[in-house]
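Q: for reference, the sequence and a predicted model appear below.
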Amino acid sequence: MFTHLHFLLIFSLLSLSIATPTITVTPDSLSKSGDTIKLEWSDISDPSELDWVGLYSPPDSHHHHFIGYFFLNSSSTWKSGFGSISFPLINLRHPYQFRIFRWTQSEVDPTKMDHDRNPLPRTKHLLAQSKEVSFQRLNGPEQVHLGFTDREDEMRVVFVAGDGGERVVKYGKEEDELRQVAATTAEIYQVEDMCDGPANQSVGWRDPGFIFNGVMTNLKKGKRYYYKVGSDSGGWSPTYSFVSRNEDSDETVAFMFGDMGTATPYRTFIRTQDESISTLKWILRDIEALGNKPAFISHIGDISYARGYAWIWDNFFNQIEPVASKMAYHVCIGNHEYDWPQQPWKPEWAAYAKDGGGECGVPYSLRFKMPGNSSFSTGTRAPATRNLYYSFNMGSVHFVYFSTETNFLQGSAQYKFLEHDLENVDRKKTPFVVVQGHRPMYTTSNEIRDTPLREKMQQHLEPLLVKNNVTLALWGHVHRYERFCPLNNFTCGEMDSSGTKQGGYPVHVVIGMAGQDWQPIWEPRPEHTDLPIFPQPKRSIYRGGEFGYTRLVATKKKLTLSYVGNHDGEVHDTVEILATGEVLSGSGSASGEKTEFPDTVLEGGMASPIFSQFVKGGSVLLLGAFVGYVIGFVSRSRKETPASGNSWLPVKTEDS
């Protein structure tokens, strides 16, 4: 005869036999951004391929406001109900928590999709959640990056901290004697400053922290300086170093690209750019080869591809810090930093949509500080959009940046700046002029939506470039590399009997191949619009589908632009332009054959990419930040990354 006691005993035994799912994280305290954690889980009954774990910061975020996620089947042992994954965490100035959910096939919602049109996981059935994981110094400083000012004897440093307390920059020419001190100022933006979703919604918004900037002054020419940022009470960054500009040198080195983005170790609401890891890896190699020569980086639009998801900006700046803390990192604005439905300048002929995810240029404007003081009102409570157009000299080259997203027509403030700037270049000091903007004036890709905008650029801006003998015009937006002949009104310039270029035609080059993988086909055949025209038009000298970047090396006599591919770190195309305007040579073939560098040092002081084993070894050590970033990454389902042939997707405004 069963008694009440027997029933209680049986119930207790049954309860003990049904284990509760658990999730643990080690370590639970991290010293810096990029440190790796290990997630372990167990006792998942009837495991499913749709079981997933979400990342949450701050820990009190709603279930559906995750930052990123992994499917548990990323672990090889998932079918047994237990497993583990390891990946790096970025300091978002708040702790993290991790939650495991069960998601069933019947709950898949085709209206809730990520950027690759895969259904976003749902949060109805919570299985387990972890304890909090934090950083030893939540308030930073983090995300250090440099930039030029309007003075050649200065260098700006920008960084992020979790509070607005006083921070300074300490610097000097000896690593252990940072006796000079620069004050900093701090800015912050709020969710109310965002113009549209997801940037102004809980799912996309995260506290950006305080953005500090300070200026190191009275720098000696071409010298290595050491610096660190922070305070005694709030903590200090590591000690970094850079080489100052040298106005007495005619030598110029720059690493130039567009549309790079950033890579995350987890899935999230939008597509991230895994190729950005390779781009930065090879640039870091080149920086090491430079030794004590000054250089800078130029990123011409579509910077992080945050699209309104705030933590992507944090991820981006942490990813570029190994290079941006060593040299100035210069930018111009692209559609994915700015465009939103109510933007104040939106003519009917411009393909401006909502590519910025509601940011309306605010994170871009405050997280960077470029030379000059250009700005354009947002028409809202948000601060004016900054860093639109500016210029500076570096060695033998005058560099000009402008905005294709704001008014550039004749009579506009931007047009007047370009006109005055180009007409007043001292060609004896800087014989070469390089103009940069995001959307291209010329491309043979299937960029049909931007055709009217290109026509306006050709009508209003091209005469300025030709009249003022601009050497190079560099563009992004199209995620390919394409080099044109010296060009004016779709016509290649001709040489006279002495080999001198006639008409001051600039060489246009599209360099938007640094990371984003949405690819247009080339100019399509009229009778087969899904296939490109081959051979390519005469004006297009070289077209490449390889991810990579360009490397500019110049003296007063010659400028060389080289296209470096990410799969091998070698040069695939080169163009050389003399100070006379003559295009001396353009190596590389239209078929995409690789061009080798000679096993020597290039003119202008840039080391050959055929490095000694010693330099390669040093590069590997410097690349530790990137290796640490990707070690422990869990294999995730491969994103659809069209590579060649007619599998390229026609370009879309929202994906460019």
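A: Noted; the coordinates are in hand.
Q: the stretch 51-200 of the chain: helices as residue ranges?
A: For the stretch 51-200 of the chain, applying DSSP state H, counting those that start in this stretch gives no helices.
Q: can you give me the strands for it?
A: Using DSSP state E, counting those that start in this stretch, the strands found in the stretch 51-200 of the chain span residues 52-56, 68-71, 83-88, 97-102, 125-129, 134-135, 142-147, 155-161, 168-172, 180-187.
Q: could the ones you listed be laid out in a markdown table, adding mean pLDDT and mean neighbour count?
A: The C-beta positions use only the backbone N, C-alpha and C, and glycine is treated the same way. Supplementary listing: those in a markdown table, determined by pLDDT from 0 to 100; neighbours: other Cβ atoms under 10 Å:
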| stretch | mean pLDDT | mean neighbour count |
| --- | --- | --- |
| strand 52-56 | 98 | 24 |
| strand 68-71 | 96 | 20 |
| strand 83-88 | 97 | 20 |
| strand 97-102 | 98 | 22 |
| strand 125-129 | 96 | 16 |
| strand 134-135 | 96 | 20 |
| strand 142-147 | 98 | 25 |
| strand 155-161 | 98 | 25 |
| strand 168-172 | 98 | 21 |
| strand 180-187 | 98 | 16 |
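Q: may I ask which helix or strand of the protein has the lowest mean pLDDT?
A: helix 613-622 (a mean of 39; mean pLDDT, DSSP states H and E).
Q: contact partners for Gln410?
A: If a contact means Cβ atoms under 8 Å, 6 or more residues apart in numbering, then Gln410 has His460 as its contacts.
Q: quick check: which element contains it?
A: Gln410 is part of no helix or strand when elements are defined by DSSP states H and E.
Q: ends of stretch 548-559, what's the gap?
A: In stretch 548-559, first residue to last residue: 20 Å (Cα to Cα, to the nearest Å).
Q: scratch that, stretch 125-135
A: 29 Å.
Q: how far does it sit from its chain's centre?
A: From the chain centre to the centre of stretch 125-135 is a distance of 30 Å (Cα atoms, centre = their mean, to the nearest Å).
Q: show residues contacting it.
A: 20-25, 27-33, 37, 39, 41, 44, 51, 59, 63, 89, 91, 95-104.
Q: so what secondary structure elements neighbour the longest helix along the chain?
A: Secondary structure of the chain per DSSP state H: the longest helix is helix 275-290. Applying 3 or more Cβ pairs under 8 Å, 6 or more residues apart in numbering; DSSP states H and E, one finds that helix 275-290 contacts strand 252-257, helix 311-324, strand 548-554, helix 613-622, helix 624-630.
Q: tilt between it and strand 252-257?
A: Going by axes from the mean of the first three to the mean of the last three Cα atoms, to 10 degrees, helix 275-290 is angled at 170 degrees with respect to strand 252-257.
Q: paired strands for the following helix or strand past helix 275-290, with orientation please.
A: Note on helix 275-290: by DSSP H and E, the next helix or strand toward the C-terminus is strand 296-300. Partners of strand 296-300 in the sheet, by DSSP bridges, are strand 252-257 (parallel), strand 328-332 (parallel).
Q: centre of the chain to strand 296-300, how far?
A: Taking Cα atoms, centre = their mean, one finds the center of strand 296-300 at 10 Å from the center of the full chain.
Q: likewise for stretch 113-126?
A: The answer for stretch 113-126 is 26 Å, by Cα atoms, centre = their mean.
Q: in that stretch, what counts as buried?
A: Neighbour counts over stretch 113-126 (16 or more other Cβ atoms under 10 Å) mark 114-115, 120-123 as buried.
Q: let me have these in a markdown table, extended by pLDDT and distance to Asn335.
A: What follows is those, written out as a markdown table (pLDDT from 0 to 100; distance: Cβ to Cβ, whole Å):
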| residue | pLDDT | distance to Asn335 |
| --- | --- | --- |
| Asp114 | 82 | 20 |
| His115 | 77 | 15 |
| Leu120 | 91 | 24 |
| Pro121 | 94 | 29 |
| Arg122 | 94 | 31 |
| Thr123 | 94 | 32 |
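Q: closest to Ala554 among the residues you listed?
A: His115 (38.5 Å; Cβ to Cβ).
Q: tell me the spacing between Gly504 and Gln436.
A: 18 Å (Cβ to Cβ, to the nearest Å).
Q: ok, back up a step: how far off helix 311-324 does the longest helix of the chain point, in degrees?
A: Using the same axes, to 10 degrees: helix 275-290 against helix 311-324 is 20 degrees.
Q: need the mean per-residue confidence for helix 275-290.
A: Mean per-residue pLDDT for helix 275-290: 97.
Q: that one vs strand 548-554, what angle?
A: 30 degrees.
Q: buried ones among the contacts of stretch 125-135?
A: If we count by 16+ other Cβ under 10 Å, the contacts of stretch 125-135 have these buried: 21-23, 25, 30, 32-33, 37, 39, 41, 44, 51, 59, 89, 91, 95-103.
Q: as a markdown table, the strands paired with strand 296-300 with distance to Asp426 and mean neighbour count would be great.
A: As requested, those are exported to a markdown table (distance: least, Cβ to Cβ, whole Å; neighbours: other Cβ atoms under 10 Å):
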| stretch | distance to Asp426 | mean neighbour count |
| --- | --- | --- |
| strand 252-257 | 15 | 25 |
| strand 328-332 | 21 | 25 |
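Q: between those, which one is nearest to Ser304?
A: Once these are compared by Cβ to Cβ, strand 328-332 is nearest, at 10.3 Å.
Q: and the contacts of the closest one?
A: With Cβ under 8 Å, 6+ apart as the test, strand 328-332 has contacts from 145-148, 155-156, 242, 296-301, 303, 320, 323, 364, 368, 370, 387-389, 399, 401-403, 436-438.
Q: please apply the same query to stretch 365-376.
A: So stretch 365-376 is contacted by 147-150, 156, 158, 160, 187-189, 208, 211, 213, 313, 317, 330-331, 344-345, 383-392, 401, 403, 406-407, 413-414, 417 (Cβ under 8 Å, 6+ apart).
Q: can you map out the helices along the stretch 451-600 of the chain?
A: According to DSSP H, counting those that start in this stretch, the helices that the stretch 451-600 of the chain contains are 451-460, 462-467.
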